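Enquirer: here is a sequence with its predicted model. Questions after.
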Amino acid sequence: MEFGIFVQGYVPDRRRRSDPQAEHHALIEETEYVIQADRSGFKYAWASEHHFLEEYSHLSANDVFLGYLAHATERIHLGSGIFNPLPQVNHPVKVAEKAAMLDHLSGGRFEFGTGRGAGSHEILGFLPGVTDMDRTREIWEETIAEFPRMWLQEEYQGFDGAHWSLPPRTVLPKPYGPAHPAMWYAAGSPSSYAMAARKGLGVLGFSVQKVSDMEWVVDSYKTEIGKAQPVGAFVNDNVMVTTTAICAETHAKAVEIAVGGGLNYLQSLLFRYHDTFPRPEGIPRWPELLPEYTEEVIELLIAEELMVCGDPDEVLRQCKRWEQAGADQLSFGLPIGISRADTLNTIRLIGEHVIPEIDTDPVHRTTRFRTAAG
């Protein structure tokens with residue numbers, strides 16, 4: 001199993017009340033987390049693209065963010081988690097151009113994740129008059145297979161679809177190195193995992209809550225990936241999942257950090273905006289919040305395998321559970337309300353004590369797929 005981090009420009013109100021430049025500081029700190037993850041042996045960093053999601057995510061221009069990190073890092077792969085290719089949000093040709101440019105700037109380290117957005121508040125802002133979120137899948141499915149053609153055809157033969165069109169044109173630049181960047185899809189339901197597998201796409205499993213959820217994820221995905229008809233030049237057989245991670249020198253310190261992190265607020269915001277995610281029982285409707293997490297709640301979340309938290313030995317055992325459950329990549333969501341120092345310490349400790357015990361392959365899994373297709 002490989003390791004990654006996920007950032008999204010989280011700027012909660014409580015931070016803004018004490019810091020007039022909170023938005024700026026949050027965005028800059030998250031570049032620091034990716035740089036430290038690169039130094040600490042993490043293989044992937046994923047940056048969101050969200051729009052209009054106040055507090056939850058101010059990282060809207062992730063192509064700019066990743067372009068900076070392409071120069072500031074050396075080995076870590078930089079992923080769009082996601083680029084939204086719906087033509088009403090980003091014209092598909094512009095998305096193809098940005099992806100190829102990032103591939104050049106990073107020296108072939110770009111990972112191309114796509115999806116349909118966080119939910120109705122975000123996506124329907126770009127689709128006036130549309131009320132059915134299922135329409136976005138139709139638009140995405142029409143578009144996704146065109147990216148490899150834009151990248152690999154010397155002159156793209158053009159497209160005339162129901163939602164966008166383009167006459168024949170040469171789309172530049174072409175990707176760097178063999179084939180094209182590995183392709184991923186942000187999936188939230190069993191049918192989405194199976195659909196992604198049939199198209200040969202890796203899955204960004206942002207909706208997986210705990211280790212026991214992996215059973216249906218792996219079943220839905222792995223039973224289909226073997227018979228994939230890939231939209232691209234190769235099958236990206238990969239399931240990435242995200243979870244919260246806090247690692248400290250002692251268990252007590254890790255729990256103390258978690259209690260002070262305002263995790264209940266972030267979870268409440270998640271379900272405020274991600275109204276297409278499965279909604280667990282007991283999650284209140286915004287603006288009502290989940291109760292603040294006490295030490296007892298944090299211990300329960302750890303016991304229920306809903307977060308990675310503890311000293312390095314505990315975190316290692318918890319990560320091995322994800323590996324045993326079938327995750328190909330475990331990505332730690334770091335847009336949480338803990339301090340910069342504690343976040344950087346989590347990254348360093350996991351890099352020193354956890355990653356070397358689990359990920360012993362020096363080559364990225366997606367690099368192997370891409371090189372074989374070249």
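Expert: Done, it's in.
Enquirer: count of neighbours near Glu296?
Expert: 10 (other C-beta atoms under 10 Å). Glycine gets a C-beta too; all of them are placed from N, C-alpha and C.
Enquirer: next SSE after the strand or helix carrying it?
Expert: Taking DSSP states H and E as the definition, one finds Glu296 inside helix 295-303. Remark: after helix 295-303, the chain's next helix or strand is strand 308-310, criterion DSSP H and E.
Enquirer: sorry, back to before: pull out the buried positions in the helix holding Glu296.
Expert: 297-298, 301-302 (16 or more other C-beta atoms under 10 Å).
Enquirer: which secondary structure elements does that helix contact?
Expert: Other helices and strands packing on helix 295-303, by 3 or more C-beta pairs under 8 Å, 6 or more residues apart in numbering; DSSP states H and E, are helix 251-259, strand 308-310.
Enquirer: pick the most deeply packed of these.
Expert: strand 308-310 (a mean of 24; mean count of other C-beta atoms under 10 Å).
Enquirer: state the mean pLDDT of that one.
Expert: Mean pLDDT, strand 308-310: 98.
Enquirer: just to revisit the earlier point, what does the helix holding Glu296 contact?
Expert: By C-beta atoms under 8 Å, 6 or more residues apart in numbering, the list of residues contacting helix 295-303 from outside reads 255-256, 258-259, 291, 293, 307, 309-310, 318.
Enquirer: mean confidence score for the helix or strand containing Ile5?
Expert: Ile5 belongs to strand 2-7 when assigned by DSSP H and E. Mean pLDDT, computed over strand 2-7, is 98.
Enquirer: so which elements touch it?
Expert: helix 22-39, strand 44-47, strand 329-333.
Enquirer: residues touching the last one, excluding its own?
Expert: Among residues not part of strand 329-333, those counted as contacts by C-beta under 8 Å, 6+ apart are 1-6, 8, 43-44, 46, 238-245, 308, 319, 322-323, 346, 350, 365.
Enquirer: and for the shortest one?
Expert: With C-beta under 8 Å, 6+ apart as the contact definition, strand 44-47 has outside contacts at 2-8, 34, 37-38, 59, 62, 65-66, 69, 73, 76-81, 111, 113, 204, 240, 329, 331, 364.
Enquirer: ok, it: who's next to it in the sheet?
Expert: Its sheet considered, strand 44-47 pairs with strand 2-7 (parallel), strand 77-80 (parallel) by DSSP bridges.
Enquirer: could I get those as a markdown table with mean neighbour count and distance to Ala197?
Expert: Converted to a markdown table, those look like this (neighbours: other C-beta atoms under 10 Å; distance: least, C-beta to C-beta, whole Å):
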| stretch | mean neighbour count | distance to Ala197 |
| --- | --- | --- |
| strand 2-7 | 25 | 19 |
| strand 77-80 | 28 | 19 |
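Enquirer: dump those strands to a markdown table, plus distance to Arg137.
Expert: A markdown table is the format used below for these (distance: least, C-beta to C-beta, whole Å):
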| stretch | distance to Arg137 |
| --- | --- |
| strand 2-7 | 23 |
| strand 77-80 | 19 |
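Enquirer: nearest to Glu138, of these?
Expert: strand 77-80 (21.4 Å; C-beta to C-beta).
Enquirer: so after that closest one, what's the next helix or strand?
Expert: helix 92-105.
Enquirer: mind giving me the packing neighbours of that following helix?
Expert: helix 62-72, strand 110-114, helix 146-152.
Enquirer: hmm, Arg340 is touching Glu32, no?
Expert: Yes: between Arg340 and Glu32 a contact is recorded at 7.3 Å, counting by C-beta atoms under 8 Å.
Enquirer: returning to that earlier point: wait, which of the strands paired with strand 44-47 is closest to Thr250?
Expert: Here strand 2-7 is closest among these (C-beta to C-beta), at 22.1 Å.
Enquirer: what does the closest one rub up against?
Expert: In contact with strand 2-7 (C-beta under 8 Å, 6+ apart) are residues 30, 33-34, 37, 41-48, 59, 79, 81, 206, 240, 242, 319, 328-335, 347, 350, 354-355, 358-359, 361, 364-365.
Enquirer: only whichever of these are buried, select them in ChimeraX.
Expert: Applying 16+ other C-beta under 10 Å to the contacts of strand 2-7 leaves a buried subset, and the ChimeraX line that selects it is:
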select :30,33,34,37,41,42,43,44,45,46,47,48,59,79,81,206,240,242,319,328,329,330,331,332,333,334,335,347,350,354,355,359,364,365
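Enquirer: just to revisit the earlier point, want to try JSON lines for the helices and strands packed on helix 295-303, with distance to Ile123 as columns?
Expert: Output for those, formatted as JSON lines (distance: least, C-beta to C-beta, whole Å):
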{"stretch": "helix 251-259", "distance to Ile123": "32"}
{"stretch": "strand 308-310", "distance to Ile123": "30"}
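Enquirer: OK, contacts around Glu155?
Expert: Contacts of Glu155 by C-beta under 8 Å, 6+ apart are 168-170.
Enquirer: one more time with 6 Å, if that's ok
Expert: Going by C-beta atoms under 6 Å, 6 or more residues apart in numbering, Glu155 touches 168, 170.
Enquirer: now it: how far from Thr170?
Expert: Distance, Glu155 to Thr170, by C-beta to C-beta, to the nearest Å: 5 Å.
Enquirer: same deal with Gly310?
Expert: For Gly310 relative to Thr170 (C-beta to C-beta), the value is 53 Å.
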